[in-house]
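>>> next come a sequence and a model predicted from it.
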Amino acid sequence: MAFNRAGGGFSFQQEQPFVDAQFDIFEWHLQYQSCVRYFLDHAQYSAPVQAVAAFVNIQLPFQRPVHPILASQPRSGGTPGGGGPSARSAAAAAAAAAAAGGTAQPTAFVTLVPYIRRLIATAFDFPAVLHGFFGDDWMTGIGPIHETERRNYLFAAKSDNWLKVKADYDMDENQTVPFLRPLQNVSEDEIVNAETTWSEWLAMQDWMLGPRAPGNVGGGGGGLRGRGINIKREED
């Protein structure tokens, strides 16, 4: 997969973890930032999102006991959580300031991955919930991460037992995952893509890399299937 930054003076060519061959990391980042802003300024203050977050036992940014994040843009004057406007007012003020123009403030850094992982592990990662958490741009903004984390959840289940998988999805500050559910709404394409990527991982365990990679053994077309290459599989 190749992509380049128009007029940016550099190019990059690299296999990406996302299936879509047209994936553009620069365009994706703009949409991802839109999801972060929506999550911080609107979603975390909505009753449905708060209910889901409480049910799956994960803190929203404004609920953090230390350094809570009230909005995507820093407030002018005062410190978050230290008196003054409420969290909702802070979010509204930040949105109004952004709409008024002027110097753009940097978006507060919050990674959305823990929320995506928790929704996947508890089977809450259906479109209505993802839209409620991350807004209208969720499909392009967090869609690639969602796809990859679903695959990671499959890999985790295949790699270890329930107790180890649960421990991996637990978080600090008593944010343990209350339950695990099998991956929901799985398509045949998703399973095939996971199988192919898992086979690539097993090939790396056998050092079948570079000139020894299955794709370079005996020529042939793309993919790991249909080449007569024996890939080591984990023991039952």
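It's in. Numbering: from 1, shown residues only.

>>> residues touching residue 33, list them.
Taking CB atoms under 8 Å, 6 or more residues apart in numbering as the criterion, residue 33 is in contact with 107, 141. Backbone N, C-alpha and C define where each C-beta goes, glycine included.

>>> okay, buried residues for the helix or strand harbouring it please.
Using DSSP states H and E, residue 33 falls within helix 25-41. Neighbour-count burial for helix 25-41, counted by 16 or more other CB atoms under 10 Å, picks out 28, 31-32, 34-41.

>>> look up how far residue 55 lies from residue 166.
Applying CB to CB, to the nearest Å, the value for residue 166 to residue 55 is 16 Å.

>>> could you do residue 199 as well?
Applying CB to CB, the value for residue 199 to residue 55 is 36 Å.

>>> between the two, who's got more neighbours?
Neighbours were counted for residue 199 and for residue 55 using other CB atoms under 10 Å; residue 199 has more, 18 against 12.

>>> just say helix, strand or coil for residue 116.
Of the three states, residue 116 takes helix under DSSP: H, G, I helix; E, B strand; the rest coil.

>>> lowest-confidence helix or strand of this protein?
Lowest mean confidence among the helices and strands of the chain (mean pLDDT, DSSP states H and E): strand 10-13, at a mean of 42.

>>> could you pull out the helices for the protein?
For the chain, the helices defined by DSSP state H occupy 25-41, 47-55, 87-99, 113-121, 127-134, 138-141, 143-159, 162-169, 188-205.

>>> what's the domain layout of this protein?
As given by automatic domain parsing, the domain ranges for the chain are 22-185, 187-236.

>>> returning to what we had before: closest to residue 205 among the buried residues of helix 25-41?
Within the buried residues of helix 25-41, proximity to residue 205 (CB to CB) peaks at residue 28, which comes in at 30.1 Å.

>>> wait, the closest one sits on residue 144?
Yes - using CB atoms under 8 Å, residue 28 makes contact with residue 144 at a distance of 6.4 Å.

>>> residue 32: what's its closest spatial neighbour, skipping adjacent residues?
The spatial neighbour of residue 32 that comes closest, neighbours along the chain excluded (CB to CB, 6 or more residues apart in numbering), is residue 141 at 4.6 Å.

>>> so which of the helices of the chain is nearest residue 178?
helix 47-55 (7.6 Å).

>>> and the angle from the closest one to helix 127-134?
Orientation of helix 47-55 against helix 127-134 (axes from the mean of the first three to the mean of the last three CA atoms, to 10 degrees) gives an angle of 100 degrees.
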